[in-house]
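Enquirer: got a sequence here, can you build the structure:
(one chain, ligands or ions: 1)
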Amino acid sequence: MNAVAPSPALHLQKVQRRYAQGETTLEILRGIDLTLWPGQSVALIAPSGAGKSTLLHLAGLLERPDGGEIYVGDQPTAHMDDAERTALRRLEIGFVYQFHHLLPEFSATENVMLPQMIRGLGRAEARRRAEELLAFLGLGQRLSHRPGMLSGGEQQRVAIARAVANTPRVLLADEPTGNLDPKTADHVFAVLTEIVRASGLAALVATHNLELARRMDRRVTLRDGLLVELE
Ligand SMILES: Nc1ncnc2c1ncn2[C@@H]1O[C@H](COP(=O)(O)OP(=O)(O)OP(=O)(O)O)[C@@H](O)[C@H]1O
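Expert: Here you go, the predicted model:
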């Protein structure tokens, strides 16, 4: 009997993005090919303005490409309308940003419960899962703290818990440790890679931190609008 080949978690095929600027057109992405496999962490390292955020927005179905196709799991997305893209994003994609964007009036646990309840999970089950996840991330003693009562590193760990609360297939992170001191960045990063391995999701992380990038499974860059694998 043949084993079924696993699907990539995310597959970008010849993805293009351009922006009109006055008379001219800025060709930011000229045909990106990228495959992320489940359980794999990939660092995206490129100079400012190269198109890292653009690539993450496209991969997260927040923007539409001007050409090419984006598969989430084995689902092509180019033909989808906005409602279908939103539904797929909620189910399959988690985001972590440089600034945590947690809701200040809610506790750590509630911040992690919310996306699960939006998805339709009951309150008790959402709470149970949020507490379990926060404990896994070393925040078992901080469950009822509001973001303002947490350190920067703790806030970012809550943001990671929120991003993975719905067990997405793909985690997209834009400079997740860019706002943290080196030691805290190191810790948050370790937690991030641990959860990628433990949960089998695939992570694409834009970072300027080469030391942290070296600890990920792969490193890629953007060169002249194309994606290039680094050693
Ligand atoms: N909506 C837009 N309209 C016009 N140009 C845009 C738009 N969004 C991005 N750009 C341009 O596209 C290029 C890539 O932007 P992007 O934000 O993806 O870069 P980046 O690699 O994430 O940079 P940084 O590391 O500084 O965040 C930049 O030159 C930017 O000015």
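
Enquirer: for stretch 217-229, what is the distance to the chain centroid?
Expert: 17 Å (Cα atoms, centre = their mean, to the nearest Å).

Enquirer: actually stretch 97-108, not the one I wrote
Expert: Taking Cα atoms, centre = their mean, one finds stretch 97-108 lying 16 Å from the centre of the chain it belongs to.

Enquirer: touching the ligand at all, it?
Expert: No: residues of stretch 97-108 are not located near the ligand by Cβ under 6 Å from any ligand atom, the shortest gap being 9.1 Å. Where C-beta positions appear, they are placed from N, C-alpha and C, glycine not excepted.

Enquirer: show residues contacting that stretch.
Expert: Identification of contacts with stretch 97-108 by Cβ atoms under 8 Å, 6 or more residues apart in numbering yields 110-111, 114, 134, 139, 142-148, 150, 154-156, 158-159, 161-162, 173-176, 178-179.

Enquirer: please repeat the previous calculation with a cut-off of 7 Å.
Expert: 111, 134, 139, 142-148, 150, 155-156, 158-159, 174-176, 178-179 (Cβ atoms under 7 Å, 6 or more residues apart in numbering).

Enquirer: show me what the mean pLDDT comes to for it.
Expert: Averaged across stretch 97-108, pLDDT comes to 90.

Enquirer: then stretch 124-135?
Expert: 95.

Enquirer: just the buried positions in it, please.
Expert: By 16 or more other Cβ atoms under 10 Å, the buried positions in stretch 124-135 come out as 126-127, 129-131, 133-134.

Enquirer: the strand or helix carrying I28 pairs with which strands, parallel or anti?
Expert: Per DSSP states H and E, I28 falls inside strand 24-36. Paired neighbours of strand 24-36 in the sheet (DSSP bridges): strand 10-21 (antiparallel).

Enquirer: list the buried residues in the strand it pairs with.
Expert: 10-13, 15-17.

Enquirer: no further questions, thank you.
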